[in-house]
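**Q** Provided below are the primary sequence and the corresponding predicted coordinates.
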Amino acid sequence: MSAALRAQLLLCLVSLLSGTGLTRYIEDNEASDGLYSLISLAQKRESEDFIFRRPLRCLDMLATEGYFTFVASRPQLACAAFIIAEPSEVISLELSDVSIDCSAGDFIKIFDGWVLKGEKFPSSYDHPLLPHERYTDYCSSAASTVSSRSSQNVAMIFFRIHSPESSFTIAVKKVHNPFPCNIMSQSPEGSFTMVMPHQRRNCSFSIIYPVEIRVTDLSLGDAKSNEISLLRQIWPGCSGSGDYVELLGGNGVDTSKMFPVADLCFSLSGLAQMKIGCDNSVVRLVSSGNYINRVTFQYRLLDQNEIPKTRENTLENFCSVE
């Protein structure tokens with residue numbers, strides 16, 4: 001993940017976080033090292049045994065393995081660290097050397113996914129765990145170390161610390177995932193194949209950019225139609241088929257609150273493409289568990305002059321564009 005792309009993703013996260021109050025802590029960092037330190041990941045390896053270490057900030061973005069230590073210089077009451085891995089990886093986290101006062105209101109919580117402006121990714125409808133099961137609370141554990149493994153390539157840490165010099169260390173490790181599901185893309189351009197082998201599960205590939213998506217191959221166990229449905233108002237769509245792909249657009253991260261752009265419930269080896277001029281664009285594979293489903297797609301960032309501002313292909317402009 002290049003520094004430029006990390007900068008774009010961080011700026012997008014800052015925009016999405018603006019409603020939470022967390023972003024006010026950024027202004028306390030000096031311009032010379034504040035934003036740069038958040039997005040600059042020193043990945044030079046002096047040897048195979050090199051272990052990456054650096055301080056953790058109140059608002060942070062982690063995209064590499066290593067040890068990250070937070071030491072409070074003053075009360076920090078609304079902090080969050082977002083962790084992202086490659087699409088084919090999940091994240092293992094371990095808290096250690098924790099020195100906080102839970103009785104005074106301090107806390108550290110690990111979340112399986114991301115929370116942005118009160119919305120969860122993956123959606124509660126698409127995650128294998130119940131909402132309360134996705135949190136690992138250090139203060140509720142009797143162990144001196146707490147560990148957690150994500151279900152997808154993103155995770156995050158919430159923490160609140162009142163007393164200066166309170167501290168903790170989080171170890172980040174990445175683990176290969178043979179069947180990635182519910183992915184947050186690090187890049188605004190690329191290609192991916194989602195495969196769901198006989199599992200009743202919904203998988204989303206989320207791109208926090210306005211993009212053009214091209215579905216180049218789609219294999220579904222139960223092909224119902226040879227037509228693409230643009231907007232469900234035209235016909236009932238694919239939801240009754242049990243196995244289908246939908247393209248979504250919206251300005252949040254919860255897929256259940258996003259606008260359905262198109263449904264595909266037929267196998268194809270040609271090309272279906274759509275421009276989605278939203279802050280977030282999603283390819284979502286819905287599987288009944290009866291078949292092996294697979295979708296391959298490409299995506300690229302839209303230029304500013306390509307973002308739909310009027311009706312295009314009978315689609316309404318459902319995302320606000322400045």
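**A** That came through fine. As the structure is a computational prediction, the values presented were derived from the model and not from experiment.

**Q** check which helix or strand covers Val172.
**A** strand 167-176 (DSSP states H and E).

**Q** which other helices and strands contact that strand?
**A** When contacts are defined as 3 or more C-beta pairs under 8 Å, 6 or more residues apart in numbering; DSSP states H and E, strand 167-176 packs onto strand 66-71, strand 89-99. Placement of C-beta: from N, CA and C, glycine included.

**Q** which residue ranges form the strands in the stretch 201-322 of the chain?
**A** Assigned by DSSP state E, counting those that start in this stretch, the stretch 201-322 of the chain shows strands spanning 202-207, 211-219, 229-230, 244-250, 259-264, 272-276, 280-286, 292-301.

**Q** no wait, the stretch 1-150 of the chain
**A** For the stretch 1-150 of the chain, applying DSSP E, counting those that start in this stretch gives strands covering 53-55, 59-62, 66-71, 76-84, 89-99, 107-111, 114-116, 119-121, 135-137, 146-149.

**Q** what's the distance between the second one and the middle of its chain?
**A** The one in question is strand 59-62. A distance of 13 Å separates the centroid of the chain from that of strand 59-62, by C-alpha atoms, centre = their mean, to the nearest Å.

**Q** swap in the longest one?
**A** What separates the centre of strand 89-99 from the centre of its chain is 18 Å, taken as C-alpha atoms, centre = their mean.

**Q** Please save the CA atoms from it in CSV.
**A** Provided in CSV are the C-alpha atoms of strand 89-99 (Å, rounded to 0.1, in the frame of the first residue of the first chain):
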residue,chain,number,x,y,z
GLU,A,89,-5.6,-11.7,5.3
VAL,A,90,-7.2,-11.5,8.7
ILE,A,91,-5.8,-9.7,11.7
SER,A,92,-4.5,-11.1,15.0
LEU,A,93,-4.3,-8.6,17.9
GLU,A,94,-2.8,-9.0,21.3
LEU,A,95,-2.8,-6.4,24.1
SER,A,96,0.1,-6.5,26.6
ASP,A,97,1.9,-4.3,29.2
VAL,A,98,-1.4,-2.7,30.0
SER,A,99,-1.3,0.0,32.6
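
**Q** ok, and for it, which residues are buried?
**A** The neighbour-count check on strand 89-99 (16 or more other C-beta atoms under 10 Å) flags 89-95, 98 as buried.

**Q** same deal with the fourth one?
**A** Judged by neighbour count using 16+ other C-beta under 10 Å, the buried positions of strand 76-84 are 76, 78-84.

**Q** got these as a markdown table, with pLDDT and distance to Gly277 columns?
**A** Output for these, formatted as a markdown table (pLDDT from 0 to 100; distance: C-beta to C-beta, whole Å):
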| residue | pLDDT | distance to Gly277 |
| --- | --- | --- |
| Gln76 | 94 | 37 |
| Ala78 | 94 | 32 |
| Cys79 | 97 | 33 |
| Ala80 | 97 | 28 |
| Ala81 | 97 | 30 |
| Phe82 | 97 | 25 |
| Ile83 | 97 | 29 |
| Ile84 | 96 | 24 |
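
**Q** coming back round to it: let me have the strands of the stretch 1-150 of the chain in CSV, adding distance to Val245 as columns.
**A** Shown next, in CSV, are the strands of the stretch 1-150 of the chain (distance: least, C-beta to C-beta, whole Å):
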stretch, distance to Val245
strand 53-55, 40
strand 59-62, 30
strand 66-71, 36
strand 76-84, 24
strand 89-99, 23
strand 107-111, 27
strand 114-116, 23
strand 119-121, 18
strand 135-137, 31
strand 146-149, 28
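
**Q** Which of those sits closest to Thr216?
**A** Counting by C-beta to C-beta, Thr216 lies closest to strand 89-99 out of those; the figure is 23.7 Å.

**Q** what's the average pLDDT for the closest one?
**A** Averaging pLDDT along strand 89-99 yields 97.

**Q** between it and strand 167-176, how big is the angle?
**A** 160 degrees (axes from the mean of the first three to the mean of the last three C-alpha atoms, to 10 degrees).
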